Structures are given as structure tokens and as C-alpha cells.
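Undergrad: Structure here, sequence nowhere to be found:
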């Protein structure tokens with residue numbers, strides 16, 4: 001009898017992912033292929049070069065607040081085979097709204113836009129999220145994003 005893989009839900013059950021707050025998102029390339037660029041670290045110097053696909057991803061991320069005025073891109077990093085981004089729904093400058101987009105909707109539309117621009121889907125199914133709970137949590141994640149390129153060889157998604 002063969003066992004089938006059952007995907008565990010990535011989202012917190014019954015959590016409202018359209019509510020105000022900060023979210024740490026990781027989206028991976030299909031098969032962890034290094035489609036978005038390359039990183040080299042030599043003599044304490046980090047060279048981070050985005051591919052054409054990586055440039056489309058960067059443009060797409062930068063466009064998120066243009067499409068969703070209640071969503072801010074706080075910071076992000078495009079690694080060779082994954083993307084980290086901190087999204088904030090309804091920052092301090094936002095007016096109260098009746099219906100904010102969910103994080104899933106924002107990520108889905110970004111993935112679809114990139115796919116249409118490059119004529120194939122570079123994305124792994126779904127994405128990972130973490131609801132940022134406090135300033136300490138935020139600071140730790142922000143530092144992780146900032147230092148991710150210099151620690152590329154130690155990264156869990158590093159393919160060598």
C-alpha cells in the first residue's frame with residue numbers, strides 16, 4: 001500500500017489574514033531552482049545579482065502598494081531560489097477600511113503577475129507565513145532578511 005503525502009496547512013486556522021498587522025512571507029522557486037539571481041560571498045564582500053526573472057519579481061514587489069494602498073512592503077530580499085518579504089496591512093497612514101485584501105490574495109496576485117510576465121510559473125505551490133507578534137519578533141526577522149545574502153551558504157534553501 002503506497003502512502004500519499006498530505007500537505008499540512010500553512011495558515012493559522014481561523015486567523016484573519018486581512019487584519020492590521022505585519023507578516024513575514026517566504027515564497028520559494030519551484031524545486032528550489034536558482035531562478036532569481038545569484039549571490040557570491042568573497043572576502044567579506046557580498047555580490048547580489050538579480051536575474052531577469054529576479055528583476056520582474058523586484059518590480060512586482062515594489063508595485064504591491066500601488067495595487068493595494070492599505071498594504072506596505074516594509075522590507076524584502078530576493079534570494080536565488082526564494083523571496084522573503086515583510087508585508088504590513090494598514091500601516092499608520094492608512095484610513096480605516098471595510099475590506100482589506102488577505103495576505104494570500106496579495107501573494108497569489110504577485111505570483112500570477114510574475115508568471116504572466118515570464119511565460120511560465122517559477123513558483124512552488126503556496127508560501128510560508130509568520131504573523132509578526134511584537135517588536136522583538138519584527139527586529140529578529142528584519143535582521144534575518146538584512147543578513148540573508150551574507151549567510152547564503154548556510155541558508156536552508158542553499159543549493160550550492
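TA: Structure's in. What do you need? Here the structure is a predicted model, which is why all the values come from computation and not from measurement.

Undergrad: burial count for the closest residue in space to residue 67 that isn't next to it in sequence?
TA: Computed as C-beta to C-beta, 6 or more residues apart in numbering, the closest residue to residue 67 that is not its neighbour in sequence is residue 109, at 7.2 Å. For the C-beta atoms, the positions are set from N, CA and C on the backbone; glycine is no exception. Residues lying near residue 109 (other C-beta atoms under 10 Å) number 16.

Undergrad: just the helices in the protein please.
TA: Assigned by DSSP state H, the helices in the chain fall at 52-67, 103-118, 135-147.

Undergrad: same for the shortest one, what does it pack against?
TA: By that I understand helix 135-147. When contacts are defined as 3 or more C-beta pairs under 8 Å, 6 or more residues apart in numbering; DSSP states H and E, helix 135-147 sits against strand 71-78, strand 82-89, strand 128-132.

Undergrad: Mind checking the ones you listed for the one nearest to residue 139?
TA: Nearest to residue 139 among the helices and strands packed on helix 135-147 is strand 128-132 (9.7 Å), distances taken as C-beta to C-beta.

Undergrad: Now for this structure, the helix or strand with the poorest mean pLDDT.
TA: strand 37-42 (a mean of 88; mean pLDDT, DSSP states H and E).

Undergrad: What pairs with that strand, parallel or antiparallel?
TA: Strand pairing for strand 37-42, using DSSP bridges, gives strand 45-50 (antiparallel).

Undergrad: Contacts for the partner strand next, please.
TA: Identification of contacts with strand 45-50 by C-beta atoms under 8 Å, 6 or more residues apart in numbering yields 36, 37, 38, 39, 40, 41, 57, 58, 78, 149, 150.

Undergrad: Rebuild the residues you listed as JSON lines, extending it with distance to residue 70 and neighbour count.
TA: JSON lines is the format used below for those (distance: C-beta to C-beta, whole Å; neighbours: other C-beta atoms under 10 Å):
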{"residue": "36", "distance to residue 70": "27", "neighbour count": "23"}
{"residue": "37", "distance to residue 70": "30", "neighbour count": "19"}
{"residue": "38", "distance to residue 70": "35", "neighbour count": "14"}
{"residue": "39", "distance to residue 70": "33", "neighbour count": "22"}
{"residue": "40", "distance to residue 70": "38", "neighbour count": "11"}
{"residue": "41", "distance to residue 70": "37", "neighbour count": "14"}
{"residue": "57", "distance to residue 70": "22", "neighbour count": "29"}
{"residue": "58", "distance to residue 70": "22", "neighbour count": "16"}
{"residue": "78", "distance to residue 70": "24", "neighbour count": "24"}
{"residue": "149", "distance to residue 70": "30", "neighbour count": "18"}
{"residue": "150", "distance to residue 70": "33", "neighbour count": "14"}
